[in-house]
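# Give the three-dimensional model of this entry:
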Amino acid sequence: MMDKDWLEILKAFKEETKPIDVYSSRDWEFSRATFYRRLEKLKEQGLIEWKGGKARITKRGEQILKLFDPSWVPEVKEQSIKEEARFCLTDTMKLKQLAYQSGFVYITYPAASYILKTILLYAGIPTKGLTTNAEKFKAIVQSDCKISMAIDNFENVSKQALVFLRELILAGKIEKLYVGVKDERKALRNSKLLEILQEFEFENQKGLRLESDSVTLFPVLLIILIGFGIIVAYRLGVAYAPVYVFFILLYFLRSSLFREIRK
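Down below sits the predicted model:
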C-alpha cells in the first residue's frame, strides 16, 4: 500500500514537468536519489509517464490517487480537452500515448480482417463460426460493444477496411477514431481515405492538405525529359525512333504516373 510520500510524488506530476524541478520546488523528507528511485518505480508500475526529460501522471496514476486520496481532483488541461475530439489525424507517438493512457485500442496496421478481429476480441464476442469479414462485421453491429480505436499506418488502409470503419462509425460502434499517417504523399493519393477524413471532419493535427487532387512534379519532369530525348533521336536519325515513341506512349497510358497526372 502506498504511503503519504508516494502519493505526494504522484500529485506533484499532475502537469508534465522535469523531475529535478519537482524535487527542487519543496523540501522532501528524503534524498534526491531516493526521489528518483521512487519515480522510476512509479514509471515501472505505469503510474508515471517519464520520457524526454519530463514526467507526468498517467490515467492509471490518477485512478490510484482517487482510491487513496478522494480529495484529489485532477486539473483539467487544454490537452485533455483536445483529446475529446471524436475523430483525429495525428502521429504515431500520440496514438501510442492514447493506447497507454486513455483506453484506446491500438492497431498497428489497418487491415480489415485485423480490425474486425480486434473489435471482436475486445468486445468478448465468440469468433467461432465467423469466417468472413462480413460475418464478423454483422456480429459486431448486433452486439452492444462500443470502442475507441487508434489505428497507425493509415495511409495503407484498404477500401474494404474504410467501408467497414465507416459503417461501424455510423452504427455507433466506434465512439472515437484516431489515425496516424507516416507516408503523407501516399495518404494524399488515396482519394477514398481523404473522403472519409472529410466526411467525419477529422481534426487534422498533422497539417495535411486533405485534398485528393495534389500532383507531384516528378511525372511532369519525366515526360519533358523523354520528349526531349525523342526529339534528339529524330534529329540524329536514330533507327526505329517512331517505334520507340509508340511503346513509350503505351507505357504512359497504362502507368500509374499517367493516371496521377490525369487526376
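# can you pull the buried residues of stretch 109-119?
Applying a neighbour-count criterion of 16 or more other CB atoms under 10 Å, one finds Pro110, Ala111, Ala112, Ile115, Leu116, Thr118, Ile119 buried in stretch 109-119. For every residue, glycine as well, the C-beta is placed using N, CA and C.
# OK, contacts around the third one?
By that I understand Ala112. Contacts for Ala112 (CB atoms under 8 Å, 6 or more residues apart in numbering) come out as Asn133, Ser158, Gln160, Ala161, Phe164.
# how many other residues sit next to the first one?
In this case it means Asn133. For Asn133, the neighbour count with other CB atoms under 10 Å is 18.
# Same check on the second one?
Using other CB under 10 Å, Ser158 is surrounded by 15 other residues.
# Who are the contact partners of it?
Ser158 makes contact with Pro110, Ala111, Ala112 under the criterion CB under 8 Å, 6+ apart.
# what pLDDT does the nearest residue to the first one once chain neighbours are set aside get?
Translated: Pro110. Nearest non-adjacent residue to Pro110, counting by CB to CB, 6 or more residues apart in numbering: Val157, 3.9 Å away. Val157 carries a pLDDT score of 95 in this model.
# For Val157, give its distance to Phe30.
Distance of Val157 to Phe30, given as CB to CB, to the nearest Å: 51 Å.
# between these two, which one's more packed in?
Each of Val157 and Phe30 has its neighbours counted (other CB under 10 Å); Val157 has more, 23 against 11.
# quick one, helices of the stretch 151-263 of the chain?
Per DSSP state H, counting those that start in this stretch, the stretch 151-263 of the chain carries helices over the ranges 159-170, 184-189, 191-199, 218-236, 241-254, 256-262.
# packing partners for the second one?
Right, the one you point to is helix 184-189. Under the contact criterion of 3 or more CB pairs under 8 Å, 6 or more residues apart in numbering; DSSP states H and E, helix 184-189 touches helix 191-199.
# Can you list the helices and strands that the helix it packs on packs against?
The contact analysis (3+ CB pairs under 8 Å, 6+ apart) places helix 191-199 against helix 159-170, helix 184-189.
# now those as JSON lines including mean neighbour count and distance to Ala150?
Below are the helices and strands packed on helix 191-199 laid out as JSON lines (neighbours: other CB atoms under 10 Å; distance: least, CB to CB, whole Å):
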{"stretch": "helix 159-170", "mean neighbour count": "17", "distance to Ala150": "13"}
{"stretch": "helix 184-189", "mean neighbour count": "16", "distance to Ala150": "16"}
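# Lowest average pLDDT across those helices?
Note on those: lowest mean pLDDT is at helix 184-189, with a mean of 84.
# Return that one as PDB; C-alpha atoms alone will do.
Extracted C-alpha coordinates of helix 184-189, given in PDB (Å, rounded to 0.1, in the frame of the first residue of the first chain):
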ATOM      1  CA  GLU A 184       2.000  11.600 -46.200                       C
ATOM      2  CA  ARG A 185       2.300  11.500 -50.000                       C
ATOM      3  CA  LYS A 186       0.800   8.000 -50.200                       C
ATOM      4  CA  ALA A 187      -2.100   9.200 -48.000                       C
ATOM      5  CA  LEU A 188      -2.800  12.200 -50.200                       C
ATOM      6  CA  ARG A 189      -3.000   9.900 -53.200                       C
END
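# for the stretch 51-200 of the chain, which spans come out with low pLDDT?
For the stretch 51-200 of the chain, applying pLDDT under 70 flags the ranges 68-84, 100-101.
# what residues are up against the nearest residue in space to Ile57 that is not next to it in sequence?
Distance criterion CB to CB, 6+ apart; nearest residue to Ile57, sequence neighbours excluded, is Phe13 at 4.8 Å. Residues near Phe13 by CB under 8 Å, 6+ apart: Val22, Ile48, Ala55, Arg56, Ile57, Gly61.
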